[in-house]
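**Q** The sequence and its predicted three-dimensional model are supplied below.
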Amino acid sequence: MSDLRKTFWDEILKMAKNDKDICLLVGDLGYSFMDDFVRELPRQFINAGIAEQNMIGVAAGMALGGLKPYVYSGAIFALMRPYEQVRDDICYNNLPVKIVGTGASGFLGPTHNFFPGENEEDLLKSFPNIKRFYPTCEEELVSSLLSDGPSYTRL
């Protein structure tokens, strides 16, 4: 099985090159896997820093303005930290914001992962209108990125 994070970065770059309305927001990430996107499409990229609530609010505003925002961050920072903004700004309004969370498996330490017994599904099940994807192959990942309405994809 391929690394779905690499597939995500390859696919989002391809999609964004073909659709200038696609924008990518990340939360305080600086890994080399996003270098191609930043270099080739800097006007479609925002590193929101350690401001996850704001990142979700900005993504919601972009969607209300007709853009197609994709949010990429650690799973806990994409859902738990901005819980209220995901629920109120994105889900209640049924906005087409795609949230992609990584690192939910526990390898980044206690502050960057869910505690034992916690997971994204515990948070997601209370959100209205959001589709949830847990892809196991490239085809499932690409399909999740093309879904309608709000969605969460775990890589």
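**A** Done, it's in. Residues are numbered from 1 along each chain as shown.
**Q** which residues in the protein form strands?
**A** For the chain, the strands defined by DSSP state E cover 22-26, 45-47, 68-74, 98-102, 131-133, 151-154.
**Q** who wins for proximity to D35 among these?
**A** Using CB to CB as the measure, strand 45-47 is the one of the strands of the chain that comes nearest D35, at 10.7 Å. For every residue, glycine as well, the C-beta is placed using N, CA and C.
**Q** neighbouring contacts of the closest one?
**A** With CB atoms under 8 Å, 6 or more residues apart in numbering as the test, strand 45-47 has contacts from 23-30, 34, 37-38, 55, 58.
**Q** want to try JSON lines for those, with neighbour count as columns?
**A** Output for the contacts of strand 45-47, formatted as JSON lines (neighbours: other CB atoms under 10 Å):
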{"residue": "C23", "neighbour count": "21"}
{"residue": "L24", "neighbour count": "25"}
{"residue": "L25", "neighbour count": "23"}
{"residue": "V26", "neighbour count": "23"}
{"residue": "G27", "neighbour count": "22"}
{"residue": "D28", "neighbour count": "14"}
{"residue": "L29", "neighbour count": "15"}
{"residue": "G30", "neighbour count": "9"}
{"residue": "M34", "neighbour count": "18"}
{"residue": "F37", "neighbour count": "20"}
{"residue": "V38", "neighbour count": "14"}
{"residue": "M55", "neighbour count": "28"}
{"residue": "V58", "neighbour count": "19"}
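**Q** Just name the closest of the residues you listed to G66, please.
**A** Distance to G66 across these (CB to CB) is lowest for C23, with 11.0 Å.
**Q** surely the closest one meets G66?
**A** No - counting by CB atoms under 8 Å, C23 sits too far from G66 to count as a contact (11.0 Å).
**Q** Could you measure from K14 over to D89?
**A** Separation of K14 from D89 (CB to CB, to the nearest Å): 28 Å.
**Q** State the number of residues packed around D89.
**A** Residues near D89, counting by other CB atoms under 10 Å, number 22.
**Q** Check D148 too.
**A** Look at D148: counted by other CB under 10 Å, it has 8 neighbours.
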